[in-house]
Structure formats: structure tokens, C-alpha cells
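**Student:** Quick one: sequence plus predicted model below, questions after.
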Amino acid sequence: SAVISQKPSRDICQRGTSLTIQCQVDSQVTMMFWYRQQPGQSLTLIATANQGSEATYESGFVIDKFPISRPNLTFSTLTVSNMSPEDSSIYLCSVESLAYEQFFGPGTRLTVL
Amino acid sequence: AQSVTQLGSHVSVSEGALVLLRCNYSSSVPPYLFWYVQYPNQGLQLLLKYTSAATLVKGINGFEAEFKKSETSFHLTKPSAHMSDAAEYFCAVSDRRSGGFKTIFGAGTRLFVKA
């Protein structure tokens, strides 16, 4: 298993600003995943972050809006840029085990006013 | 492409009653299937998984699920509900066997447990 922490746990931001979310894993992993969970909704994959390469974004998500860094095998950041109220969501990072099960962080609850 | 359908966005049971949460999947190859639980204000936690071994899979907290290929189903059950089972449950399928790197999640079923 893996233990994942996220910072901040929640934030309230003004529209037009940016927020960077940090994700720390207690072991080295190849891939990290960033998800968005809008209120009352399921999880939508934003991007997959591999160490040493550009993140792979899912349809509907672009690097300019959600830049991702992956400087080493235990850490990643997701930035939500030029925020609008539609970006209000829970943002989750996760890692995948060798058995393809996912371990999730506790999430970052973002409210954009 | 893989997909997951959870029947019923809300399920309400009485404490001590059977819990049945339905999940149907679509996959062109034998799938990896998962059930996750999300308690309020927390991330998701794995309940159980199917990876082509036994078709009846036992998980944590007394939950189990049965893989039925003929019905393309992976329903989650628990014989006796407890108040602490109230949470959101997500069925998921991994596209690993078809060469992908994604896990696709269902829309979720919120379980309510009445005293």
C-alpha cells in the first residue's frame, strides 16, 4: 500500500487566481494520477504524471489550465490556473500498485468565488 | 473501450438488512474490476478487486462481490448493513489489459443506512 498526503486540504480562492496542490507519496512510484471530483459526481481523470516526462492529459483538460510538475518519484503538483467558479471541486491524486489498485490522497477541496 | 454503469445513484437499507449495489461493465478484454468506498470528506479506499482469480471476491468490512462474465456484472453485497457503512461506493474498471493506463470509475452509489 501507499500513504499519500495532499496540501492544502481545502482552500477558498478568488476567480482569476491560481492554486497549486501538492501530492506527496511515502514510496517511489512511476505514475501518479490527478482526478477531479465535482460535487456529487464521480471521478474524472485530469492527467497522468510520469517522472521525467510531460504529463498526459485527458480529453477536455489542457496543460495551460492544469500544469503539472513531477520532479521526482514521490512528489507531484497540480496547478489550477485562472480559476473560475466552475473549477470548484475536490482534486485527488492517486498512485497505482503493481496489482493495478489505486491509492488516493485525502483530496483538496477547492471553492472558487 | 471500457465503461462502468452503476444502477441506482442512491440506495437506502435498514441496519441489519442486505446491501446490494449493482455494477455492470463493458470491456473488450477480461477486465480488472474494483469497488472503492468514499466516506465523507475523505479520499477513496479500496474495498475489493477482481483480477481473474476466484469469481467471488471478499473484501474489507464484510463486503464481497461476484464477477459474472455472462451478465457482465460485478455487484457488491454485504449480508448485514451497519450504520458505519453509510458512504459513497464506486465501481471501477481498469483498461490495463488492453494496454491502457486508466481506471474508469462509475458514477457512484450513495448508501444510506437507517436505524
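**Tutor:** That came through fine. Note that the coordinates shown come from a computational prediction; the quantities given were computed from them, not determined experimentally. Residues are numbered from 1 along each chain as shown, chains lettered A, B, ... in the order given.
**Student:** Run through the residues that contact whichever residue of chain A sits closest to chain B.
**Tutor:** Closest to chain B within chain A is A:Phe104: 3.6 Å, counting by CB to the nearest CB. Every C-beta, even on glycine, is put in place using the N, C-alpha and C of the backbone. Counting by CB atoms under 8 Å, 6 or more residues apart in numbering or on different chains, A:Phe104 makes contact with A:4, A:92-94, B:43-45.
**Student:** From B:Val113, how far off is the nearest residue to it once chain neighbours are set aside?
**Tutor:** Sequence neighbours aside, B:Gly43 is the residue nearest to A:Phe104 in space, at 3.6 Å (criterion: CB to CB, 6 or more residues apart in numbering or on different chains). Plainly put, B:Gly43 is 21 Å away from B:Val113 if you go by CB to CB, to the nearest Å.
**Student:** Nearest spatial neighbour of A:Pro67, chain-adjacent residues omitted?
**Tutor:** A:Thr79 is the one closest to A:Pro67 (CB to CB, 6+ apart), at 4.8 Å.
**Student:** Could you say which helix or strand holds that neighbour?
**Tutor:** strand A:75-80 (DSSP states H and E).
**Student:** Quick one: name whatever helix or strand follows that strand.
**Tutor:** Downstream of strand A:75-80, the first helix or strand assigned by DSSP H and E is strand A:89-96.
**Student:** tell me how far the following helix or strand past that next one is from the chain's mean position?
**Tutor:** The helix or strand immediately downstream of strand A:89-96 is strand A:102-104, counting by DSSP H and E. Computed by CA atoms, centre = their mean, to the nearest Å, the chain-centroid distance of strand A:102-104 equals 12 Å.
**Student:** Given strand A:102-104, what are its sheet partners and their directions?
**Tutor:** Next to strand A:102-104 in the sheet, as set by DSSP bridges, lie strand A:89-96 (antiparallel).
**Student:** how far does stretch A:63-77 stretch from start to finish?
**Tutor:** Start-to-end span of stretch A:63-77 (CA to CA, to the nearest Å) is 13 Å.
**Student:** rounded to a whole number, what's the mean pLDDT of it?
**Tutor:** Averaged over stretch A:63-77, pLDDT sits at 95.
**Student:** How about residues contacting that stretch?
**Tutor:** With contacts defined as CB under 8 Å, 6+ apart, stretch A:63-77 is touched by A:20-30, A:32, A:34, A:46-47, A:49-55, A:57, A:78-82, A:93.
**Student:** buried residues in that stretch?
**Tutor:** By neighbour count on 16 or more other CB atoms under 10 Å in any protein chain shown, the buried set for stretch A:63-77 is A:65-68, A:70, A:74, A:76-77.
**Student:** For B:Ile104, which residues are in contact?
**Tutor:** Applying CB under 8 Å, 6+ apart, we find B:Ile104 in contact with B:2-4, B:92-95.
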